[in-house]
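Asker: need a 3D model of the following:
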Amino acid sequence: MNVALKLTVLIALMISSISSIQISSASVVSTGDFNQDFFITWAPTNINTSADGRTRSLELNQESGAAFASNEMFLFGQIDMQIKLIPAYSAGTVVAFYLTSDQPNRDEVDFEFLGNVTGQPYILQTNVFADGFGNREERIYLWFDPTEDFHTYSILWNIYQIVFMVDWVPIRLYRNHADKGVAFPRWQPMSIKASIWNGDDWATRGGKDKIDWSKGPFVASFGNYTIDACIWRGNPRFCRADTAANWWNNDRFNTLTWRQRRLFKWVRNYHLIYDYCQDNKRFQDNLPKECSLPKY
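Answerer: Here you go, the predicted model:
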């Protein structure tokens, strides 16, 4: 068995193991019906939901983009969303799946999919805002074509860490170092949002590749989501408690498992293309404090 095949088999086994842990630990609280759990916030004419409510597509055209948001707000938990991205030419488009508190000093946890010209890979950008400050972008190339089928994009958010996952593979960590003076989203509830919009002033090669409207409309599809999180009822202590219901706050989720760490390192070694913590020029050799602290 050659090295490449061995690596593929190892990753498959690790993903299977991690997926089994997640499924056995979680009790799904979402209905799986977009019409029940979400409401449309922007351009209903650009949104199409299946008859059973299980899938929803967002369209971007010259007139408008589109967006939807969760009915509830949450403080900690795990959210999984399956997404199929815009095929072929998608330069200038942005598809986003994220959590946000929508406050002036907002907390936010972002997946942003940056379109590209035909034949070039999508870029997945992640970002974290805490107490109103962001500028924590990381970018990777995915190891598959995200336009051919649905893939699962997940956010695990607990009192210890935020973990971004793609098909259960951890691609990014943001550790709770609040005790060391680093802002961490831990008090503000956040809603779940998804959107598609025109970002051609920056999204593809810094704005050099614009949207070609003749290749539109541009459509991204969402489906098969789960929300297993603490519904905000005004008491942060309830959501921060380590209880059977709040499984994500259990000690076993205070860091990555050894299998997850191997996958995380694989992503960092072979798929990472930008890390704000390596951008000394941008920060004038004064990198944010969290950059020198452990990730797990």
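Asker: can you give me the pLDDT of residue 126?
Answerer: pLDDT, residue 126: 98.
Asker: got a list of what the residue nearest the centre of the chain touches?
Answerer: Residue closest to the mean C-alpha point of the chain, counted by C-alpha atoms, centre = their mean, is residue 111 at 3.5 Å. With C-beta atoms under 8 Å, 6 or more residues apart in numbering as the criterion, the residues that contact residue 111 are 96-98, 124-126, 153, 155, 164. Every residue, glycine included, has its C-beta placed from N, CA and C.
Asker: cool, and residue 72?
Answerer: 37, 191, 231-232.
Asker: ditto for residue 50
Answerer: Neighbours of residue 50 in contact, by C-beta under 8 Å, 6+ apart: residue 56.
Asker: show me the helices in the stretch 1-150 of the chain, by range?
Answerer: For the stretch 1-150 of the chain, the helices defined by DSSP state H, counting those that start in this stretch occupy 3-25, 34-37.
Asker: partners of the longest strand that the chain contains in the sheet?
Answerer: Criterion DSSP state E: the longest strand present in the chain is strand 218-231. If you go by DSSP bridges, strand 218-231 pairs up with strand 55-60 (antiparallel), strand 74-84 (antiparallel).
Asker: buried sites along that strand?
Answerer: Neighbour counts over strand 218-231 (16 or more other C-beta atoms under 10 Å) mark 218-223, 225-231 as buried.
Asker: next structured bit after that strand?
Answerer: helix 236-240 (DSSP states H and E).
Asker: which other helices and strands does the helix or strand following that next one contact?
Answerer: In the C-terminal direction, the helix or strand that comes right after helix 236-240 (DSSP H and E) is helix 258-270. Here helix 258-270 touches helix 3-25, strand 169-175, going by 3 or more C-beta pairs under 8 Å, 6 or more residues apart in numbering; DSSP states H and E.
Asker: and the longest one, average pLDDT?
Answerer: In this model, helix 3-25 has a mean pLDDT of 44.
Asker: same deal with stretch 216-229?
Answerer: Mean predicted lDDT for stretch 216-229 stands at 96.
Asker: go on, stretch 243-255?
Answerer: Per-residue scores along stretch 243-255 average to 94.
Asker: please export the C-alpha coordinates of it as CSV.
Answerer: The C-alpha trace of stretch 243-255 is given here as CSV (Å, rounded to 0.1, in the frame of the first residue of the first chain):
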residue,chain,number,x,y,z
THR,A,243,-24.6,18.9,32.9
ALA,A,244,-25.8,15.9,30.9
ALA,A,245,-27.8,18.2,28.7
ASN,A,246,-24.8,20.5,28.1
TRP,A,247,-22.6,17.6,26.9
TRP,A,248,-20.3,20.0,25.1
ASN,A,249,-19.0,21.4,28.4
ASN,A,250,-17.9,18.0,29.6
ASP,A,251,-14.2,17.7,30.3
ARG,A,252,-13.8,15.2,27.4
PHE,A,253,-14.4,18.2,25.1
ASN,A,254,-12.0,20.6,26.7
THR,A,255,-9.4,19.8,24.0
